[in-house]
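A.B. asks: sequence unknown, structure follows:
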Ligand SMILES: [Zn+2]
């Protein structure tokens, strides 16, 4: 069906964009290995038990263990990840594996339309307000996984299953008075509204649009509709998916109130509740507006929040193609997505900001945290936000080696770059578009020292204005080559609640102070989802003035590609990209002291 507000720019289908060799492709391949490593019978085990079917599979551990109240959630993420990776890379084996898993789940659903890895009695606990973790959170992941199998894998079976799941949820929701239902919605329920709107988009059936509205959590939506920040004290990742649902609802129905809610929320979070990395939350909650220096916790920046803020940013961009949205997206992508997967494809939960903390990663069969799920999806769709288009132009928002095919226009475009390790980005027209069009390249907010543009080797005289698009319109020919360079420089992000506390960035990269490996062991790095039982270090201090020349670039050695050293008196700090730190203590923020 057609969206009421289809947007000013459109996404390309996942099948149109392919990653070329480089670090992004490497991350996707590590993720693929992880997805391959999980046997279907182990993934389906809890569903079969809940449906009263025999299973002799060895149960998975962590949050998929048979006694965990969130069990089953990862299976939904898994279906999404397989569908996305299939669409983005053509991996038919992975699609077949996911289809086989869908068939196993269909057998579990056959009895009464309910599908879950735990019994329906948990929804009665929800009704009675007795303690239960988050049944609809998990329910949402499973429907979303099935819908991704519909959208990207063409599965008719999955569509029938998603419809039955939505109908089951609809009947349950209708059994409450409006006030009682709002009390149910106090418990985390993921993006149930978004899933219902997505099902409405696929089927055109208005009852699913109504179901999307039924999952509107008024306590969260009302203040946002009036541009009031009541986020402090709320669990961050419980609420971001609801706003994604509002943005999706607006896209499909033209609901301007939902548009305001989503836009206000995005501005409030990115301007008042985000660290220099773009990540949000501390201890999983939003804290007071503009609290940064006071919130540098070991459980800061839950990765699910980063995943969902990126998803929301993408959604808003279609309606408001403002390059600054991708300035934010890039911050999150480079600093709290890149670098949250280890060399074996294991994923993180938080990105600690307490000085002296370190990154912790999951283990193959014993984690399955919420962030393992969103991470599995993230690294399966690294190709999905690089390019957009409208009728007249292709928009390039990210500098990632990749190819773009736009068969309706005859266009085949290739982007090659080692960015951010080098500043040059090259676009080659492997096949020319059938008519003149514009190539619109995002000039990042950090490109404050100009830049250069060459077309077929000839320098162009063009203004390089940060946070705008560079627009190159031409009747492009096959073989045309465009080269751009945006020189990076050092800049600061100052904590709003303490002007002496700040972080350093180089271009899009947040730099972290290396704090060594003292008493750091592998079992600590793989020992859980956050560093445990440590007091941390004081914020590293520098005694420099306000200028940025207190840092000099020095030679880096692996695993680091880039290193700076402080020239200030006293201790000399070494700073490297946060995303490249894997097994070393660090601090993202520093304190500016007075000259000794
Ligand atoms: Zn999470």
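C.D. replies: Nice, thanks for sending it over. None of the values given here were measured: they were computed from a predicted structure.
A.B. asks: For residue 254, which non-adjacent residue is closest in space?
C.D. replies: Among residues not flanking residue 254 along the chain, residue 4 sits closest, at 3.7 Å (C-beta to C-beta, 6 or more residues apart in numbering). Any C-beta I mention is one placed from the backbone N, CA and C, and that applies to glycine too.
A.B. asks: tally of neighbours for that neighbour?
C.D. replies: Residue 4 has 12 neighbours, counted by other C-beta atoms under 10 Å.
A.B. asks: Tell me which helix or strand it sits in.
C.D. replies: Using DSSP states H and E, no element contains residue 4; it sits outside every helix and strand.
A.B. asks: ok, it - contacts?
C.D. replies: When contacts are counted by C-beta atoms under 8 Å, 6 or more residues apart in numbering, residue 4 touches 251, 252, 253, 254.
A.B. asks: Which of those are buried, as a PyMOL select command?
C.D. replies: Remark: buried members of those, expressed as a PyMOL selection using 16 or more other C-beta atoms under 10 Å:
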select buried, resi 251+252+253
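A.B. asks: between the contacts of residue 4, which is nearest the ion?
C.D. replies: The closest of the contacts of residue 4 to the ion turns out to be residue 251 (C-beta to the ion; 25.2 Å).
A.B. asks: buried residues in the helix or strand harbouring that closest one?
C.D. replies: Assigned by DSSP H and E, residue 251 belongs to helix 236-253. By neighbour count on 16+ other C-beta under 10 Å, the buried set for helix 236-253 is 236-253.
A.B. asks: cool, and stretch 27-34?
C.D. replies: Judged by neighbour count using 16+ other C-beta under 10 Å, the buried positions of stretch 27-34 are 27, 28, 29, 30, 31, 32, 34.
A.B. asks: Equivalent analysis for stretch 62-75, please.
C.D. replies: For stretch 62-75, by 16+ other C-beta under 10 Å, it's 62, 63, 64, 68, 69, 70, 71, 72, 73, 74, 75.
A.B. asks: for those, which one is nearest residue 378?
C.D. replies: Here the nearest of these to residue 378, counting by C-beta to C-beta, is residue 74; it sits at 14.0 Å.
A.B. asks: Neighbouring strands - and their directions - for the lowest-mean-pLDDT helix or strand in the chain?
C.D. replies: Taking mean pLDDT, DSSP states H and E as the measure, strand 541-542 is the helix or strand of the chain with the lowest mean score, a mean of 88. According to DSSP bridges, strand 541-542 forms sheet pairs with strand 590-592 (parallel).
A.B. asks: how distant is the partner strand from the center of its chain?
C.D. replies: Relative to the chain's own centre, strand 590-592 is displaced by 29 Å; criterion: C-alpha atoms, centre = their mean, to the nearest Å.
A.B. asks: Quick check: mean pLDDT of that strand?
C.D. replies: For strand 590-592, mean pLDDT rounds to 93.
A.B. asks: who touches that strand?
C.D. replies: Here strand 590-592 has contacts from 500-504, 513, 538-544, 573, using C-beta under 8 Å, 6+ apart.
A.B. asks: Return a PyMOL selection command for the buried portion of those residues.
C.D. replies: Only the buried members of the contacts of strand 590-592 enter the following PyMOL selection, criterion being 16+ other C-beta under 10 Å:
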select buried, resi 501+502+503+504+513+539+540+541+542+544+573
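A.B. asks: which of the contacts of strand 590-592 lies closest to the ion?
C.D. replies: Ranked by distance to the ion (C-beta to the ion), those are led by residue 503 at 22.9 Å.
A.B. asks: Ignoring the adjacent residues along the chain, who's closest to that closest one?
C.D. replies: Residue 503 sits nearest to residue 276 (C-beta to C-beta, 6+ apart), 4.1 Å away.
A.B. asks: Please name the residues that touch the residue in the stretch 451-596 of the chain positioned nearest to the ion.
C.D. replies: Going by C-beta to the ion, the ion is nearest to residue 529 of the stretch 451-596 of the chain, at 8.7 Å. For residue 529, the contact set (C-beta under 8 Å, 6+ apart) comprises 348, 349, 350, 360, 362, 367, 369, 371.
A.B. asks: Could you report the pLDDT at it?
C.D. replies: Residue 529 carries a pLDDT value of 93.
A.B. asks: From residue 35, how far out is it?
C.D. replies: Relative to residue 35, residue 529 is positioned 20 Å away (C-beta to C-beta, to the nearest Å).
A.B. asks: returning to that earlier point: filter the buried residues of stretch 27-34 down to the ones in helices?
C.D. replies: 27, 28, 29, 30, 31, 32, 34 (DSSP state H).
A.B. asks: Out of these, flag the one nearest to residue 94.
C.D. replies: residue 32 (7.2 Å).
A.B. asks: For the residue nearest the centre of the chain, which non-adjacent residue is closest in space?
C.D. replies: Closest to where the C-alpha atoms of the chain average out (C-alpha atoms, centre = their mean) is residue 307, at 2.1 Å. Excluding the flanking residues, the one nearest residue 307 by C-beta to C-beta, 6+ apart is residue 374, at 3.8 Å.
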